[in-house]
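Colleague: let's see this in three dimensions:
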Amino acid sequence: MTTARIDSGPALISDERWDQYFRQGFLHLGALVDADELQRLRDRVDDLALGRVLNPRVQVQADTGGRYEDLPDVTAQAAAGTLRYRKVQGLETDELFRAVLRGPVLAEVAEHHYGRHTSASLFRAMVMNKPAAQGTVLPWHQDGGDVWALDRDPLVTIWMALDDATAANGCVEVIPGSHRLGLVSAQGSTLSDQDAQRFCPEDQVRPLEVPAGHAVLMHNWLIHRSGVNPTPTPRRAFTACYLDSRTRNILTGQHFPLILGSSTGPSHPYLDLLREEHAAQQASARSAAEYALSLKAENAVLQDSIASATEYARSLEAEVARLRAPGPAAAQPAGVSELSSALAKAGLQRGRVLLRRFRSAEQ
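Modeller: Numbers count the residues shown, from 1 in each chain. The predicted structure follows:
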């Protein structure tokens, strides 16, 4: 399959600015949206967080104001209903945010990193929030490494402020040029305390203050962090990570949602085989589950039968006991003793047969 080139038209970022970006690991891109679109995006993310606009592919993570390690898991949108969220993810499926992701400047950014021979996909698109008078400290980290379970490292993240991001309200802080270290560890993500002390001295920390509606291009290996927001207003930002469209999840073999261009590259036969085997295993698991349910239903029927047989046997025993009770000779008809013994024997025998059947089924 031929991969379409991304056509971004005339260059929007000069060579000098690209040189600056590759030296420091970030670049201010200026405004990506106007005031009206900015307000629509703010309203949309709050509506999604509150459940006023429903999207089954959107998930929300609450902000607890505690340690990063203690954050709760993301939940389905319907279970949220709060403006004290840390992130709203899955926004590549929302039409308003998806339109921003297709902008010409971002197309040029993807092309510059991954080449005109490939398209671009999205690893994730989400709004990160520092709620008013709250927020969770995000420790020093890099956006890459084995923890992301990708067959190649992503290189491009766009960070656009929905509210003015300042040093006062917990804006992103970076170590300029730290992307040139590569990944500090193969695992990636959060730096160890030792690596943070080594690579993030306080005299090199730079806050990235960004006006609302403006964006910053960040290299994924740039070491960065953010703090809490002590101000009375939220600090929200829309962030998206672009991938070479050929990137796959190493656990599933799947590509990611295409955002720029028209192809994710050729199919791989061994992955197709794995998917077929996975589908067959899922079908087998479904059959086993259905069989287990049928056994459970049969077990319920057997239990009902045993209960009925037991009740019947007890009634026969009671009748035999009544007939055998001492009394005038005339009260007992001829042959009643033999009849009662036969009935009792037959009833108890039936109960024992049913009980044996039930016990065999349980085994």
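Colleague: what about Glu173, which SS state?
Modeller: Secondary structure state of Glu173, per DSSP: H, G, I helix; E, B strand; the rest coil, is strand.
Colleague: tell me what it is bridged to.
Modeller: Pro207, Arg225 (DSSP bridges).
Colleague: Pro234: how many residues sit nearby?
Modeller: The number of residues packed near Pro234 is 22, by other CB atoms under 10 Å. Glycine gets a C-beta too; all of them are placed from N, C-alpha and C.
Colleague: what residues sit buried inside stretch 192-208?
Modeller: Asp195, Ala196, Cys200, Pro207, Leu208 (16 or more other CB atoms under 10 Å).
Colleague: which ones are touching the first one?
Modeller: The reference is to Asp195. Counting by CB atoms under 8 Å, 6 or more residues apart in numbering, Asp195 makes contact with Trp140, Val184, Ser185.
Colleague: near the last one, how many other residues are there?
Modeller: In other words, Ser185. 15.
Colleague: coming back round to it: adding distance to Val33 and pLDDT, write the buried residues of stretch 192-208 out as JSON lines.
Modeller: Formatted as JSON lines, the entries for the buried residues of stretch 192-208 read as follows, by distance: CB to CB, whole Å; pLDDT from 0 to 100:
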{"residue": "Asp195", "distance to Val33": "36", "pLDDT": "96"}
{"residue": "Ala196", "distance to Val33": "34", "pLDDT": "96"}
{"residue": "Cys200", "distance to Val33": "32", "pLDDT": "97"}
{"residue": "Pro207", "distance to Val33": "22", "pLDDT": "97"}
{"residue": "Leu208", "distance to Val33": "18", "pLDDT": "97"}
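Colleague: quick one: the strands in the stretch 151-300 of the chain?
Modeller: Using DSSP state E, counting those that start in this stretch, the strands of the stretch 151-300 of the chain run over residues 156-161, 172-174, 189-190, 206-207, 214-219, 224-226, 235-244, 258-260.
Colleague: dump these to JSON lines, plus distance to Glu108.
Modeller: Compiled in JSON lines, the strands of the stretch 151-300 of the chain are given as follows (distance: least, CB to CB, whole Å):
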{"stretch": "strand 156-161", "distance to Glu108": "11"}
{"stretch": "strand 172-174", "distance to Glu108": "22"}
{"stretch": "strand 189-190", "distance to Glu108": "28"}
{"stretch": "strand 206-207", "distance to Glu108": "25"}
{"stretch": "strand 214-219", "distance to Glu108": "10"}
{"stretch": "strand 224-226", "distance to Glu108": "23"}
{"stretch": "strand 235-244", "distance to Glu108": "11"}
{"stretch": "strand 258-260", "distance to Glu108": "10"}
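Colleague: quick one: which of these is nearest Phe123?
Modeller: For these, proximity to Phe123 was assessed by CB to CB; strand 235-244 is nearest, at 4.2 Å.
Colleague: listing partners with orientation, what would you give for that closest one?
Modeller: strand 120-130 (antiparallel), strand 156-161 (antiparallel).
Colleague: how about those strands, which one is nearest Pro326?
Modeller: strand 120-130 (87.7 Å).
Colleague: I'd like to know which of the strands paired with strand 235-244 is closest to Ala292.
Modeller: Once CB to CB is applied to these, the stretch that comes out nearest is strand 120-130, at 37.3 Å.
Colleague: quick check: next helix or strand after the closest one?
Modeller: Secondary structure here is assigned by DSSP states H and E; on that basis, the next helix or strand after strand 120-130 toward the C-terminus is strand 138-142.
Colleague: so Gly103 sits against Leu32, correct?
Modeller: Yes. Using CB atoms under 8 Å, Gly103 makes contact with Leu32 at a distance of 6.0 Å.
Colleague: returning to what we had before: now render the strands paired with strand 235-244 as TSV, adding mean neighbour count and distance to Ala321.
Modeller: As requested, the strands paired with strand 235-244 are arranged in TSV below (neighbours: other CB atoms under 10 Å; distance: least, CB to CB, whole Å):
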stretch	mean neighbour count	distance to Ala321
strand 120-130	24	77
strand 156-161	24	85
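Colleague: contact partners for the residue most central in space within the chain?
Modeller: Compute the mean C-alpha point of the chain, and by CA atoms, centre = their mean the closest residue is Val74, 6.8 Å away. If you count contacts by CB under 8 Å, 6+ apart, Val74 has them with Gln59, Val60, Gln61, Lys87, Gln89.
Colleague: can you pick the most crowded of these?
Modeller: Most neighbours among the contacts of Val74, by other CB under 10 Å: Val60, with 26 neighbours.
Colleague: for the strand or helix carrying it, packing partners?
Modeller: Assigning secondary structure by DSSP H and E places Val60 in strand 59-62. With contacts taken as 3 or more CB pairs under 8 Å, 6 or more residues apart in numbering; DSSP states H and E, strand 59-62 sits against strand 75-76, strand 85-89.
Colleague: and the closest residue to Pro72 other than its chain neighbours, what does it touch?
Modeller: Leaving aside its chain neighbours, Pro72 sits nearest to Ala62 (5.6 Å; criterion: CB to CB, 6 or more residues apart in numbering). Shown in contact with Ala62 (CB under 8 Å, 6+ apart): Pro72, Thr75, Ala80, Thr82, Arg84, Tyr85, Arg86.
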